[in-house]
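Undergrad: Please find the sequence and the predicted model below.
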Amino acid sequence: MYADIIVDISVEDLDRTFQYRIPGELEASVHVGSKVSIPFGKGNRQINGFVVGISDEAKIPEEKIKDIASLNLKDLTIEDRMIELAFWMKEHFASTTNEALKCVIPVKRAVKNKVRKIILPAADRRTIEEELESSVKKHHTAKEKFLRELLTEYDEGLKYELITEKMNISPATVGSLEKKGLIKVETSTVFRDSLGMGARDAGSVRERIDLNEEQQRISDDIIGEYNRGIRGKYLLHGITGSGKTEVYLSVIDEVVKQGKSVIMLIPEIALTYQTVKRFYKRFGDGISVINSRLSAGERYDQYLKAKNGETKIVIGPRSAVFTPFDNLGLIIIDEEHEGSYKSENSPKYSTREVAFFRAEKEGAAVILGSATPSLESYFDAQEGRIKLYELKTRAGGAELPKVHVVDLKEELKARNRSIFSRKLRELIEDRLGRHEQIMLFINRRGHSGFVNCRACGNVIKCPHCDVSLTYHVPGKLVCHYCGYETGMVSSCPKCASPYVSTFGTGTQKIEELINKEYPLAKTLRMDYDTTRAKESYDDILSAFANHEADILIGTQMIVKGHDFHDVTLVGIILADMSLYQEDFRCAEKTFQLLSQAAGRAGRGQKAGEVVIQTYNPEHYAIESSALQDYGRFYDEEIDFRRLMKYPPVWTMLKIMLSSEDEEELLRETDRVDEFLKGELERLKAAVKLFGPSKARIYRVNDVYRMVFYLKWNDYSLLSKLKDKLSGIGTLSKEVSLQFDFNPL
Ligand code: ADP
Ligand code: ZN
Ligand code: ZN
């Protein structure tokens, strides 16, 4: 057997592999990702390399191939472990080696740290004053200016850039004074503070809340196991506001005390000033925060700090799971059901599975937390692979909100044609009168769903995608898939009829209607359009928290994780919007959205109410979210998945071919189809094959997409099929082939 080995993990140079022979005694233990010692070059210098492939064919003459010297199992550095992780990801999530390595080692090249230079006086005031006098006499004005400044800032020193850039004093002048021994230039490395929030801001107060009985029992149990050397996997199922975060904090505290490091994952959207501040208050400067707005340099700083052990706790979205801690003790995934934990780029990894892999390799525990666990995690818990804990009451004693489900069909019968039901209207008026706050949730941004001609029925579509354009105020049509924008039309492009009108409802329209009906109420809107600027997201949240508005209108952005104490009414304008999509997970998504939205009401002392408006009050996703009964939802949903052989009960593999060239695409699709049918015939396994068919949206951004779906109860067989298929690849450069296990 032979191994392809790379000796240099620089992402640019991955194609340069060298073939070595695997000696018989190592054949069983060398695998893809192994770190090995090899004799290299003319002098047979011993160097390290990584195995990236194994085959039984020699690519060069047999006698020229050298033997692998040994296999390294000990002394694996953190980089070695990350590389091993990358190779596992490449296999497990079906990506290329390059993609996987880029993913685990996000910073390709070292970005220089900012260096702070400071000029300090090196002589006493007297000596410097003498020098000043002499430069006045000699008319050395630059020097004079500099020395005066130095004398006024004698204790603090001067910033080097200030001198050379703002005061126009040449580095030569500074250098000559340094030579005379009058000043010294000191340098220090500044780590960029990513949130601009050091211990300074959060104060040095270590705030601590006494855990209640339920929280304490769970924390004790996890810490107890940890101290006995058990590195468990846990699912913390706790209703919104039940105090899950306090449990995390308590376990983190213990793990950090034992000298270990912690990765705390939160969805990007919940990564707000408020959340992060809670961690700063507890742990001070020992934490660092990673978010997608960081520059490459800032990211590299965080990476270094983690590697050097200067940081013990990292908080961030899914990519933070790759933080290179050398002594990882715990990974927490909060709101683990969130779709953003699955990568949309290849490798299309599941953060949960990456966390499990790392934890197992590096001896860490994993805690998943959610009010509405993913079917995957809850199923794992039911099957005994994960230990389940429940938090059933709201911490601090707040009551669960009262939920009203309004059947919109009845509203129409009662001649109410408004988008607001009578119940919602009554409660809005009541809250406005009492100066309490309201949140209105609608799952679509923009003004209206689509624009349509009443004469010929034509719907105005994006020229680059197979989707309709959404009307936005003021007078724009926007594609939500590719970002294409154009002006609103005044007549139908097809039949020239002037009767074009907008249909459906989005956040802008709700805001408009509220402003019209309740002109005295102050509103804020939060959606993709109002939060594109860097700070606006936090600005809107804090404005609402400071009671600068009565009503917050928004998309799913507003339902996630925020804690507003004065919100006593949550209105869900149309619960069905996420229910009828061509996606086997749409009931799960609806249940999650509704439960999270309802969870926003009554988080403080005042009790809350929720109005869910729907055309399907009897659908189990809506019924069980109204009852806040996760168990009931899970039982129905898992039956459906079992019956239909969907994940998490079965494994699903999506194969997607895409190309700008439709003809080539269809040709390649036929080839893949033939291959798959042949393989399935040969395997005689009852693997279910669906497709080829057009993707739900066939064309996005001028790229056409064809899909196949495979379902089977065993992951490894699908994985082998995937390996074979990626082995034959595509013939055409124009067509790309992508795999996605258990797609979202
Ligand atoms: P979750 O993470 O489950 O949504 P949090 O940990 O954010 O819940 O807690 C919700 C609210 O209850 C927070 O304001 C928190 O400070 C408070 N809280 C949590 N645990 C306790 C406790 N043991 N005693 C009093 N208040 C608590
Ligand atoms: Zn028309
Ligand atoms: Zn488009």
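TA: That came through, no problem. Ligands and ions are numbered 1, 2, ... in the order given.
Undergrad: going forward, measure contacts and count neighbours with C-alpha atoms only.
TA: OK.
Undergrad: Need the residues that contact the helix or strand harbouring Glu668.
TA: Element membership for Glu668, per DSSP states H and E: helix 662-683. Helix 662-683 is contacted by residues 657-659, 686-687, 692, 704-706, 721, 725, 730-732, 734-735 when judged by CA atoms under 8 Å, 6 or more residues apart in numbering.
Undergrad: again, 7 Å this time
TA: Residues outside helix 662-683 that contact it (CA atoms under 7 Å, 6 or more residues apart in numbering) are 657-659, 692, 704, 730, 735.
Undergrad: got the domain boundaries for this protein?
TA: Recorded structural domains for the chain (assignment: automatic domain parsing) are 2-104, 114-190, 197-397, 402-448+504-642, 651-741.
Undergrad: now those domains as TSV including distance to ligand 2?
TA: Shown next, in TSV, are those (distance: least, CA to the ion, whole Å):
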stretch	distance to ligand 2
domain 2-104	46
domain 114-190	60
domain 197-397	37
domain 402-448+504-642	18
domain 651-741	23
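Undergrad: Of those domains, which is nearest ligand 3?
TA: Set against ligand 3 and scored by CA to the ion, those come closest in domain 651-741, at 5.5 Å.
Undergrad: And that closest one, how far out from the chain middle?
TA: How far domain 651-741 lies from its chain's middle: 27 Å, per CA atoms, centre = their mean, to the nearest Å.
Undergrad: now swap in stretch 600-609 and tell me
TA: So, by CA atoms, centre = their mean, the centroid of stretch 600-609 is 29 Å from its chain's centroid.
Undergrad: Same check on stretch 247-258?
TA: Remark: stretch 247-258 is offset 23 Å from the chain centroid, using CA atoms, centre = their mean.
Undergrad: where along the stretch 251-400 of the chain do the helices fall?
TA: 273-283, 296-307, 351-362, 375-382 (DSSP state H, counting those that start in this stretch).
Undergrad: Give me whichever of those helices is most buried.
TA: Each of the helices of the stretch 251-400 of the chain was scored by mean neighbour count; the highest is helix 296-307, a mean of 20, by mean count of other CA atoms under 10 Å.
Undergrad: Tell me where the model's unsure across the stretch 401-550 of the chain.
TA: 534 (pLDDT under 70).
Undergrad: what residues does it put near ligand 3?
TA: Taking CA under 5 Å from the ion as the criterion, the stretch 401-550 of the chain approaches ligand 3 at residues 462, 464-465, 479, 482.
Undergrad: and those residues, which are buried?
TA: 462, 464-465, 479 (16 or more other CA atoms under 10 Å).
Undergrad: Take those residues and write them to CSV, including secondary structure and distance to ligand 2.
TA: Formatted as CSV, these follow (DSSP: H, G, I helix; E, B strand; the rest coil; distance: CA to the ion, whole Å):
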residue, secondary structure, distance to ligand 2
Cys462, coil, 16
His464, coil, 20
Cys465, coil, 20
Cys479, coil, 20
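Undergrad: Farthest pair within those?
TA: With CA to CA as the measure, no two of those lie farther apart than His464 and Cys479, at 9.0 Å.
Undergrad: Longest strand in the chain, by number of residues?
TA: If you go by DSSP state E, the chain has its longest strand at strand 688-700.
Undergrad: Residue numbers of the stretch 201-350 of the chain in contact with ligand 1?
TA: 209-212, 238, 240-246 (CA under 6 Å from any ligand atom).
Undergrad: got a list of what the residue sitting furthest away from the middle of the chain touches?
TA: Ranked by distance from the centre of the chain (CA atoms, centre = their mean), the top residue is Lys137, with 64.4 Å. If you count contacts by CA under 7 Å, 6+ apart, Lys137 has none.
Undergrad: Now Ser343. Nearest residue, chain neighbours left out?
TA: The shortest distance from Ser343 to any non-neighbouring residue, by CA to CA, 6 or more residues apart in numbering, is to Tyr349 (5.4 Å).
Undergrad: That neighbour: neighbour count?
TA: 26 (other CA atoms under 10 Å).
Undergrad: With Asp539 instead?
TA: 12.
Undergrad: Toward the C-terminus, what is the element adjacent to the strand or helix carrying it?
TA: In the assignment (DSSP H and E), Asp539 maps to helix 536-545. Note on helix 536-545: by DSSP H and E, the next helix or strand toward the C-terminus is strand 551-554.
Undergrad: Alpha carbons of that following strand, in PDB - could you do that?
TA: Only the C-alpha atoms of strand 551-554 are listed here, as PDB (Å, rounded to 0.1, in the frame of the first residue of the first chain):
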ATOM      1  CA  ILE A 551     -44.000  48.500  19.000                       C
ATOM      2  CA  LEU A 552     -41.100  46.500  17.500                       C
ATOM      3  CA  ILE A 553     -42.000  45.000  14.100                       C
ATOM      4  CA  GLY A 554     -39.600  42.500  12.600                       C
END
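Undergrad: tell me which strands and helices it is in contact with?
TA: strand 437-441, helix 507-517, strand 523-526 (3 or more CA pairs under 7 Å, 6 or more residues apart in numbering; DSSP states H and E).
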